[in-house]
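>>> Could you work out the structure for the sequence below:
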Amino acid sequence: MTSLVRRYLKTSIAFLLVGVAIGLWMLVQREAYGRASSAYVMSAHTHAILVGFMMLMIFGVALWMFPRPAKGDTRYRPGVAEAAYWLVTLGTAARIAGELARAVDGARPLRGLVIIAGLAQAVGIALFFANLWPRIRGVGSQAREAAGERF
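Residues are numbered from 1 along each chain as shown. This next block holds a predicted model:
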């Protein structure tokens, strides 16, 4: 397992903990104080769990488990996977912080931060999968399928 894969997986777990903490806070606010969470808090919780945890976990496992690039195939570039990590991680962290801050005072200047953070997430996700695309191929399965094996 490469250091980048470990970083994806460990960062994913950190975002899970952040998402669980936000969710617990939302639960206490609702059940103990009768306060519904704002759309901003729900968005921060959702992005921590779905983008921060799930997407980074999927990215890490995909990098780890998918076949290595074919010899001579220069389409897959580890530097792009690194850039995608930073875009998604920093974008998600900024999105969570921006959404939570907006819930407190609705500060208009944070709108731009939330938009830029969301854009970083989207670009990072697109870069990751565009870079991973050449690694989505059969390794050995084509020969087994040609021999009549079904799976």
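>>> in this protein, which ranges drop under the pLDDT threshold?
138-143, 150-151 (pLDDT under 70).
>>> got the CA coordinates for stretch 103-114 in CSV?
Once non-C-alpha atoms are left out, stretch 103-114 reads as follows in CSV (Å, rounded to 0.1, in the frame of the first residue of the first chain):
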residue,chain,number,x,y,z
ALA,A,103,-25.0,28.5,10.1
VAL,A,104,-23.7,30.8,12.9
ASP,A,105,-24.1,34.2,11.4
GLY,A,106,-25.0,33.7,7.7
ALA,A,107,-21.9,35.8,6.7
ARG,A,108,-22.2,36.7,3.0
PRO,A,109,-18.5,36.7,2.3
LEU,A,110,-18.5,33.0,3.1
ARG,A,111,-20.7,32.3,0.1
GLY,A,112,-17.7,32.6,-2.2
LEU,A,113,-15.6,30.3,0.0
VAL,A,114,-18.3,27.7,-0.1
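>>> What helices and strands are in contact with the longest helix along the chain?
In the chain, with assignment by DSSP state H, the single longest helix is helix 3-33. Based on contacts counted as 3 or more Cβ pairs under 8 Å, 6 or more residues apart in numbering; DSSP states H and E, the elements that helix 3-33 packs against are helix 39-46, helix 56-65, helix 78-105. Glycine gets a C-beta too; all of them are placed from N, C-alpha and C.
>>> how about the ones you listed, which one is nearest Gly72?
In terms of Cβ to Cβ, the element of those nearest to Gly72 is helix 78-105, at 15.8 Å.
>>> For the closest one, which residues meet the burial criterion?
Using 16 or more other Cβ atoms under 10 Å as the test for burial, helix 78-105 gives 81, 83-85, 87-89, 91-96, 98-103.
>>> Could you quantify the relative orientation of that helix and helix 3-33 as an angle?
Helix 78-105 and helix 3-33 are oriented at 20 degrees to each other (axes from the mean of the first three to the mean of the last three Cα atoms, to 10 degrees).
>>> Just want the angle from helix 78-105 to helix 39-46.
Going by the same axes, to 10 degrees, helix 78-105 makes 150 degrees with helix 39-46.
>>> Pull out the buried positions in the helix or strand containing Phe129.
Phe129 is part of helix 109-132, with elements assigned from DSSP states H and E. Across helix 109-132, burial judged by 16+ other Cβ under 10 Å covers 110, 113-114, 117-118, 120-121, 124-125, 127-128, 131-132.
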